[in-house]
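Enquirer: I'd like to go over a predicted model; first the sequence, then the structure.
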Protein chains: 2
Amino acid sequence: MLNSPPRRHVLPRALAAVPDGDLAAPFESLGNPTRLRIVERLAATREVRVSDLALQLGVSQPRLSWHLRLLRRSRIVTTRREGREVLCRLDREAILDHLGRFRALIDGRLSIDPTPSPAAVLGVPTRENPLPEVLP
Amino acid sequence: MLNSPPRRHVLPRALAAVPDGDLAAPFESLGNPTRLRIVERLAATREVRVSDLALQLGVSQPRLSWHLRLLRRSRIVTTRREGREVLCRLDREAILDHLGRFRALIDGRLSIDPTPSPAAVLGVPTRENPLPEVLP
DNA sequence: ATGATGCATAAGGAATCGTTTATCAAACAG
DNA sequence: CTGTTTGATAAACGATTCCTTATGCATCAT
C-alpha cells in the first residue's frame, strides 16, 4: 500500500566518482567563492584544522565539511586524520597537474573528448569550416 | 487587489558584471563540460562561426549562445561580428592572466578577500591556531 | 518590400547547488 | 561507562543552472 520511497536522484553528481583526467571537476570546485577562499586560506597556512578553518572563514561546520568533500574529490585539497581532528592542506602537486593539462588543452595539445561530435562524424562541411585547420 | 508581479530575481547572477580580478567567474565558466568542450574546440581552430561551433559540438544554437555569453563575461573567449555572422575565438591573453593570478593565489602571494573574516576580526584564538603562521 | 539566414533572448521545467538545522559516529576525558 | 568534542551526514528549502522550444531582430538575397 505504501508508495515506494521518494528517492529523488540516483546520485547527486557532486558525489559521483571523478574521472582521473577530468578538468571540469577541479574548475567547478574553484568556481565557487567560498571554496576559493578556502584555497586562499590553505595557501597561506601549511595545514589547518577543519574547525579552525570554519571559524576563520565564518562558514558553518557542516557546510565546510561539504565544500571540503568537493575539494577532496576534485583533488584540490587533501585531509588527514589526527585523533579526532582532521587537518587539511592544499594538494599543490595535483593542482599543478590540473593546470598543466589545462595549458595543454589551451595549446591544442590535448583532447578532453576522444569521441568526435555527431556532426563531426557526419562530416558536416558547414560552408567553409568543414572542421577548420589546426593551429601550426 | 492584484499581487505585485512575481518577479523572481533581481538579476540572474550569470548576468551580473564580473569584477576585474575575479577568479571565481572564469573558473565557474570552465567548470562546465560543455563550455570546456567549446574551449577545446576553439583551441584547435583560430576562429569559428557560432553556427559551425554548434554543429560540431552538437549543441543547440540558443544554448551555445548562452554558454558563449558566460565565456565572454568571464573573459575566456571574444567574439566579433562579421555581417550577420559572429566569429569567436579564445581570449588567450586573458586566460593566461587568470592563470597567473591563480598561481599567485596558490603561492600565497594574492588575497582575494581583503576584509578579514568575522572570526579573524574577533581574534578567536582557537586552541593553537590563532591565525596560523604564513609560509616562508 | 519579402523572404531567408544567423544569432540573441524570453519562457518554462527538471536537476543541481548552497546553506541551515538537526543528528550521527568516532575519539578522547573524567 | 558517561559526557564532550570534532567532524561527517541527513533533511529540507530557496536560488541557480542547464536545457528545449518559441520568439525577436538584425543582415543579406531576391
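Expert: Everything's here; your move.
Enquirer: need the residues of chain A near DNA strand D, please.
Expert: A:49-51, A:61-62, A:64-66, A:68-69, A:79, A:84-86 (CB under 7 Å from any atom of the strand). Placement of C-beta: from N, CA and C, glycine included.
Enquirer: List the buried residues for the biggest helix by length in chain A?
Expert: If each helix of chain A is counted by residues according to DSSP state H, the longest one is helix A:92-106. By 16 or more other CB atoms under 10 Å in any protein chain shown, the buried positions in helix A:92-106 come out as A:95, A:98-99, A:101-102, A:105-106.
Enquirer: Which residue ranges of chain A form helices?
Expert: Taking DSSP H as the criterion, chain A carries its helices at A:24-30, A:33-44, A:50-57, A:61-73, A:92-106, A:118-122.
Enquirer: before we move on, the earlier item: contacting residues around the longest helix of chain A?
Expert: When contacts are defined by CB atoms under 8 Å, 6 or more residues apart in numbering or on different chains, helix A:92-106 is touched by residues A:21, A:23, A:26-27, A:75-76, A:110, A:112, B:30, B:36, B:39-40, B:43, B:90, B:92, B:95, B:99, B:102-103, B:106.
Enquirer: 6 Å instead?
Expert: Counting by CB atoms under 6 Å, 6 or more residues apart in numbering or on different chains, the neighbours of helix A:92-106 from elsewhere in the structure are A:23, A:26, A:75, A:110, B:40, B:43.
Enquirer: Nearest to A:L57 among the buried residues of helix A:92-106?
Expert: A:L57 lies nearest to A:I95 out of the buried residues of helix A:92-106, by CB to CB, at 19.2 Å.
Enquirer: Just the pLDDT at that closest one, thanks.
Expert: For A:I95, the model assigns a pLDDT of 96.
Enquirer: ok, it to B:G108 distance?
Expert: Going from A:I95 to B:G108 by CB to CB, to the nearest Å gives 13 Å.
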